[in-house]
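1. Please work out how this folds:
(3 chains)
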Amino acid sequence: MFDPDKLIRKGLPKGYFKDILVRSLLGGITYLIVLIAVLLFAKIIIDGAPALFTSKFPFVDVEFLTAKNETLHVFDDAQGTRLQLPASKYSEYLNAHSGESIYNEQTFSYSGGGIAGPIAGTALLTVGSMILALFFGVSAAIYLAEYAKQSPFIHAVRLAILNLAGIPSIVFGLFGFSVFVLAVPVITSTPSDRTLLAIPLLINDWVLSFQGWNSSLIAGCATLACMILPVIITASEESLRAVPQGFRDASLAMGGTRWQTIRKCVLPYSLPGILTSSLLAITRVAGETAPIMFTAAVAAKDDFPWQGLGNPFDILSSQVQALPYHIYTLAARIPNSEYTQRAQYGSVLVFLLLVAVLSFGSMMLRAKMRRKLKW
Amino acid sequence: MAPEERSIPQSRHRFQRQGFSYERLIKYFFASNAGLTIVILVLIIVFLLKEGLGFFPGYRRELETYRIAGLEFVDISRKNLTAHEQLTSLLNRAYFAEINGKSTREMRRTQESSALFNAFTDQIAPTRDLILNNPQGETDGNSAMFASLQANFEKQRAKALEKLLPTPHLTADERKQLIDSLRTRPAEATDDPPLVTALAAEFAAAQQKNAEPLQAYRATIDSFESAGMDLGSAIMEMTESVTATKEKLQNADILEKDRKTLLAAASNEKDPAQRERLLSEANAALAEKPDTETPMQALLERRPDCVRLHQELKKTSADLFPQIPQSLNDSDAKRLLNAAHSAWPVFLADLDAAPQKINAWKHTDPVPLSDAFISFLTGKNWITGGEWQDFYGILPLAVGSLMIAIVALIIAIPVGIGSAIYVNQFAAQREQSLVKPVIEFIQAIPSVVLGFIGILVFGTVLREISVMDAFQWVPGFPIEERLNIFTAGCLLALMSIPTIFSLAEDALNNVPSAYAEASEALGASKVQTTFRVMIPAAFSGILAAILLGFGRVIGETMVVLLVAGNRIKIPDFTAGLGTFFQPTHTLTGIIAQELGEVPLGSVHYRALFVVGILLFVFVLGINATAHHFVNRVKK
Amino acid sequence: MGTAIQIQNVNFAYGAKQVLHDVTLDIPDRQVTAFIGPSGCGKSTLIRCINRINDRIPDARVTSGSIHIHGIDIHRPDLNLQELRRRVGMVFQKYNPFAKSIYDNVVYGLRIAGVTKRSELDEAAEKALTNAALWNEVKDRLRSSATGLSGGQQQRLCIARVIATEPDIVLMDEPCAALDPLATLKIEELITELKKKFTIVIVTHNMSQATRCSDRTAFMYLGKLIEYGDTLQIFENPKNPQTEAYITGAFG
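-> Model prediction:
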């Protein structure tokens, strides 16, 4: 029989300590991760800040962000003062002090100057691949969200998207290398030896030659676009589907065609969502190294991508430096010493800040949109 | 009057759809963009196969050359010689571990003192070199400059003396003595400070003293080592002749290929004169088939010799090995000796089998294509660009990838799922909005940055921890390489935690809230509800999260390329758990490292594509399984 | 006949939004009490206060007033909340068996209370399922998943799950809302059967259901208790004009 006094507990509740233990264990694990992330970020900020920030106005080392990347020369002059000069200034110095001898010279590749080249390259790669991926991705998403009915074709598309999303980035590197670098068709008058197939076009002895675009900006953009395509499609489809069905029904009921409905009543409302999720895709595109290693990136380059071009379109067929690849080079190919730290930690800090701004920006936008767009 | 017949337009009624309208065009445009995903997937598969499938015939031909030229014959003996060398090395390492184990204190003292001294010397080196490069007194004008250099040197020395490495095993007096000797040390001195020399002597004496009881062991090792010398020199002689044959065969292959190209060009050529010229060129290129028979006969004549050498080696070894002690005192030495003892029967059996193998070997045995497959999938060596023979066996790479994944998952699964449970079930709203963005940010960190952190920060910290006395109980400490399986595994764990976290959190979120409500209404506490209702209900989703995390770990490239240590070798499992502190190489890393350096179309190039195919299939398999679990939840 | 639940001047709010205004009523032991009223009138909220399941909702709280169960204030700080919920079982509007086997569902409450003995569990399961009029239908497939049952069976399983812990009071929050008429009939028969053993509080928007199975009825409107009395009296001779309007179908 029911005894009301049982409802009053004597002492601590049953399982009190077990409860506390489980909570604090799980909470400890969670905050451990947060702590590690904070520590990593702090370490990079502390080590990278001297390279990027200065005590004088404008508080940012503009030269580091705007100068070309060069080899660093470290040496003692005749007075025993240690000097660190990038290659161009080093040769100026030698010309100015031609009589004097220098001692203990050491050189560090990629460590002098700034990182403007890699920043520019990454910007070009990101913009190029996002243009491609957004164009094709949003179009595909429109089909999936607005037109598609159950059919074997749609099933195949969904399967392909799912599979593409899972492919390791290095396999995309292999794919980009074998397809965009070595196999896609170009129109040329002098087909290369390794062309897979050459079809004469019968105009001006031009030939459609399947010889690829070589390692170039456009090949890198295409590879990255393929990699990010499933992400863009999925996110865009989600945004399109978030637009209430009523909007479409209303437009169709008033005699609008499918395309008019999509253009006037669906796309404008889903565009903010698509762009927000694209920001996250940008962090991924900007951060990937493996797909561009063989398709676009080069460790050292004397000019900026836009310098020394015959015509503006040549920029597409030139190789570029890229920030992630630059960091890879700095980490793997040169020794860690006090003279290379500036380049190493500075580049990583710039890169990480970029990624942090993008990802937090996307998070904020998403939160803001959730509040604003409620149907 | 009949009403005027209205002219019915010839075209269809305006409700009827037009044949090929603008609207349809738009629809097809979008559909074709959706179809692009299929095209890309098909292109990926086709091109991986196109580049990769040529590998197996090419590799078969290489293996055939390996046999015809007799390299395989030499390798029968070489394998045993290598085993003998490894055994000797194990015994030697056990010997030194035993000696050093007894004189750990002396070893630490000398290591610490010389480390301190070397760090000091490095610091003052630039200013010191300047003094040495500007000898005093050659010209009077230099004396002022010399003084400034001298002052500079003193300044640098004072700076260097301020921060010296710690020397926990030196007494305070000794440390003071060492520092004093550095302070008064003239710039041009080249000899070591007296304390460093003394400590080195102390260590040598301790080694000597400890070596004394082991003299018999030392002598046995030495004679064991020299037992292999005869076989070694025989192999050296054979090596020369077989490499020459191999070179001839390879040249003939190249000429044959050229000839085929010329013939193909000739058949396309329309101009008869040109064709004639190409044909004759092709015929000229037709090299006579290289004579492999004669050198092969000479090689085969050495068979009895090889057999005799093996038998001798076996006899000497069998005489000597039982004299090795069964056990030693030091724990490292014990482990190494145990490894030697367990390797011994295998070695002996190999030696026994060798004569039979040598006699049964035939250079005329065909090499079927399946050999190339088997050798690729089960080969223990990935050797490329070597002078002897290239092997493409993926075992060392697959084992490396797998071991790194194991470390990563052992860390990431409890952490990722634990924090997902905490955030979803126990955390307050405010905590959630703190933790989730941080974890999402970890996901956004590019892998190359994590690799960089691994090289410059984590690896170094790990090594510093591993030499601390307090951590010597950890197997594998002190670590030899700061870049190893464990380092890579930890960083990959950090990468896969966000994946596992967010998917597991989703899975928990998708459990109907009615479950939790019902459970609490029945009197369950929060913890009981979580573990008895929520987690079982989300189990499939959590499993999918783990699988997708695994897929991410296996497919990750930059971190392992930078941090795994890049040594292509199956780890030495005799080290027990210490195995996880050895460097390794991975399936993804090998592609990234070697693709840029191999000639297009070569067997090596194609091998990398086959590795890519394997990765592709493996990761897709994992993902398919994961999605199977996810779909099961949805139904 | 004693009083099982005493509700005194209860005010309840979700954040800033007040949902219950000064509700006072006594619910007698071993009888069926029905709460009726239009949707949003606060009847569900009130019933969910009795076993404090509303604690799960952030910012939701009883702002003033008290609820006593057999004389024990359920908001006193040293209350054993788990024990309270074990003694005051609840059946929800949408049947919600766990994705476990039928057997595991029924013995869940006992297991979390620490009962591990097999024979004890088996016995309790059989008893609870028999009392819930489900035993004959499921006795051959106790190990199969509960989600494979029909809607009515699932709801009866949820009732069995509640009575397996032998509570004193059973709260039912529109237990038939998601069921077809036949299954509803079965549940109503079950309620009549169960009131011999338990004090039952049932929320319903179906007035004929209230007349069929309840002894006392409370009519609520806009968070206030309008009228409370014997079922017969409420339906045949309502004192309050609002009650009359509602039961004659003028609104709601």
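2. got a pLDDT number for the residue of the stretch 251-375 of chain A found nearest chain C?
-> Using Cβ to the nearest Cβ, the closest approach of the stretch 251-375 of chain A to chain C is made by residue A:371 at 17.3 Å. Using the backbone N, CA and C atoms, a C-beta is placed for each residue, glycine as well. With respect to pLDDT, residue A:371 scores 72.
3. Count the residues that sit near it.
-> By the other Cβ atoms under 10 Å in any protein chain shown criterion, the neighbourhood of residue A:371 contains 8 residues.
4. Please identify the helix or strand for it.
-> Assignment of secondary structure by DSSP states H and E places residue A:371 within helix A:341-372.
5. ditto for residue C:22
-> Assigned by DSSP H and E, residue C:22 belongs to strand C:17-28.
6. Contacts for the next helix-or-strand element following that strand next, please.
-> Next along the chain after strand C:17-28, taking DSSP H and E as the criterion, comes strand C:32-36. Outside of strand C:32-36, the residues that reach it under the criterion Cβ atoms under 8 Å, 6 or more residues apart in numbering or on different chains are C:27, C:43, C:46-47, C:191-192, C:195, C:199-205, C:207, C:209-210, C:213-220, C:231, C:246.
7. Please report how far residue A:141 lies from chain B.
-> Note on residue A:141: its distance to chain B, by Cβ to the nearest Cβ, to the nearest Å, is 8 Å.
8. and that residue, how many neighbours?
-> If you count neighbours by other Cβ under 10 Å, residue A:141 ends up with 26.
9. re earlier: does the helix holding residue A:371 come close to chain B?
-> Yes: in this structure, helix A:341-372 sits against chain B according to Cβ under 8 Å from any Cβ of the partner chain; the contacting residues are A:344, A:348, A:351-352, A:355-356, A:358-360, A:363.
10. Quick check: next helix or strand after the helix or strand that residue A:123 is a member of?
-> Assigned by DSSP H and E, residue A:123 falls within helix A:116-142. Downstream of helix A:116-142, the next assigned helix or strand under DSSP H and E is helix A:152-166.
11. Next, the buried residues of that next one.
-> Using 16 or more other Cβ atoms under 10 Å in any protein chain shown as the test for burial, helix A:152-166 gives A:154, A:157-158, A:160-166.
12. Show me the helices in chain C, by range?
-> The residue ranges that make up the helices of chain C, judged by DSSP state H, are C:43-50, C:81-87, C:102-112, C:118-131, C:135-138, C:151-163, C:181-194, C:207-213, C:231-236, C:241-247.
13. go on, chain A?
-> Taking DSSP H as the criterion, chain A carries its helices at A:16-52, A:62-66, A:87-96, A:116-142, A:152-166, A:169-176, A:217-242, A:245-253, A:258-261, A:267-287, A:290-293, A:323-332, A:341-372.
14. For the stretch 151-252 of chain C, what lies in contact range of chain A?
-> So far as Cβ under 8 Å from any Cβ goes, the stretch 151-252 of chain C lies against chain A at residue C:168.
15. Now which of the contacts of strand C:32-36 would you call buried?
-> With burial judged by 16+ other Cβ under 10 Å, the buried subset of these is C:27, C:43, C:46-47, C:191, C:195, C:199-205, C:207, C:209-210, C:213-214, C:216-220, C:231, C:246.
16. The closest residue to residue A:6 other than its chain neighbours and residue C:49: what is the separation?
-> For residue A:6, ignoring the flanking residues on the chain, the nearest one in space by Cβ to Cβ, 6 or more residues apart in numbering or on different chains is residue C:83 at 5.8 Å. When distance is defined by Cβ to Cβ, to the nearest Å, residue C:83 is 17 Å away from residue C:49.
17. Please say which of the two ends up with more neighbours.
-> residue C:49 (25 against 17).
18. these two touch, right, that one and residue C:12?
-> Yes: the pair formed by residue C:49 and residue C:12 meets the contact definition of Cβ atoms under 8 Å, at 6.2 Å.
19. tell me, what's touching the two both at once?
-> Joint contacts of residue C:49 and residue C:12 (Cβ under 8 Å, 6+ apart) are C:20, C:62.
20. The residue nearest to the spatial centre of chain A: what's it in contact with?
-> Computing the C-alpha centroid of chain A and ranking residues by Cα atoms, centre = their mean puts residue A:286 first, at 1.1 Å. Residue A:286 sits next to A:122, A:125-126, A:323-324, A:354-355, A:358, B:446 when contact means Cβ under 8 Å, 6+ apart.
21. Name the nearest residue to the residue of the stretch 51-200 of chain A found nearest chain C, ignoring sequence neighbours.
-> Nearest residue of the stretch 51-200 of chain A to chain C, counting by Cβ to the nearest Cβ: residue A:162, 25.4 Å away. Closest residue to residue A:162 in three dimensions, ignoring its sequence neighbours and counting by Cβ to Cβ, 6+ apart: residue B:627, at 6.5 Å.
22. coming back round to it: buried ones from the residues of helix A:341-372 next to chain B, can you make that a PyMOL selection?
-> Of these, the buried ones can be selected in PyMOL as follows, counting by 16+ other Cβ under 10 Å:
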select buried, chain A and resi 344+348+351+352+355+358+359+363
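23. Would you mind putting the residues of helix A:341-372 next to chain B into CSV with distance to residue A:40 and pLDDT alongside?
-> Putting the residues of helix A:341-372 next to chain B into CSV (distance: Cβ to Cβ, whole Å; pLDDT from 0 to 100) gives the following:
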residue, distance to residue A:40, pLDDT
A:344, 15, 85
A:348, 10, 88
A:351, 13, 89
A:352, 9, 87
A:355, 13, 85
A:356, 12, 85
A:358, 18, 85
A:359, 15, 83
A:360, 16, 83
A:363, 19, 80
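24. Tell me how many other residues surround residue 186.
-> No chain was given, so I picked chain A. Residue A:186 has 16 nearby residues by other Cβ under 10 Å.
25. that answer is for a different chain, and I need it for chain B
-> 7.
26. again, but for residue A:45
-> Around residue A:45 there are 16 residues (other Cβ under 10 Å).
27. swap in residue C:52?
-> Under the criterion other Cβ under 10 Å, the count of neighbours that residue C:52 has is 19.
28. do the same with residue B:372
-> The burial metric for residue B:372, expressed as a neighbour count using other Cβ under 10 Å, is 23.
29. That one should be in a strand, yeah?
-> No: with the criterion set as DSSP: H, G, I helix; E, B strand; the rest coil, the secondary structure at residue B:372 is helix rather than a strand.
30. thought it was touching residue B:54?
-> No: under the contact definition of Cβ under 8 Å, residue B:372 does not touch residue B:54, with a separation of 11.3 Å.
31. Look through the stretch 201-350 of chain B and state the residue closest to chain A.
-> Counting by Cβ to the nearest Cβ, the stretch 201-350 of chain B gets nearest to chain A through residue B:261 (10.3 Å).
32. which SS class is that residue?
-> Secondary structure, three-state DSSP: residue B:261 is helix.
33. who touches it in this structure?
-> Counting by Cβ under 8 Å, 6+ apart, there are no residues that residue B:261 touches.
34. pLDDT value on it, please?
-> 77.
35. Next up, phi/psi of residue C:42, please.
-> Main-chain torsions, residue C:42, degrees, to the nearest 10: phi 100, psi 10.
36. Enumerate every residue touching the nearest residue to residue B:165 once chain neighbours are set aside.
-> The spatially closest residue to residue B:165, leaving aside those adjacent along the chain, is residue B:116, at 4.7 Å (Cβ to Cβ, 6+ apart). Each residue near residue B:116 by Cβ under 8 Å, 6+ apart is listed here: B:164-165, B:167, B:178.
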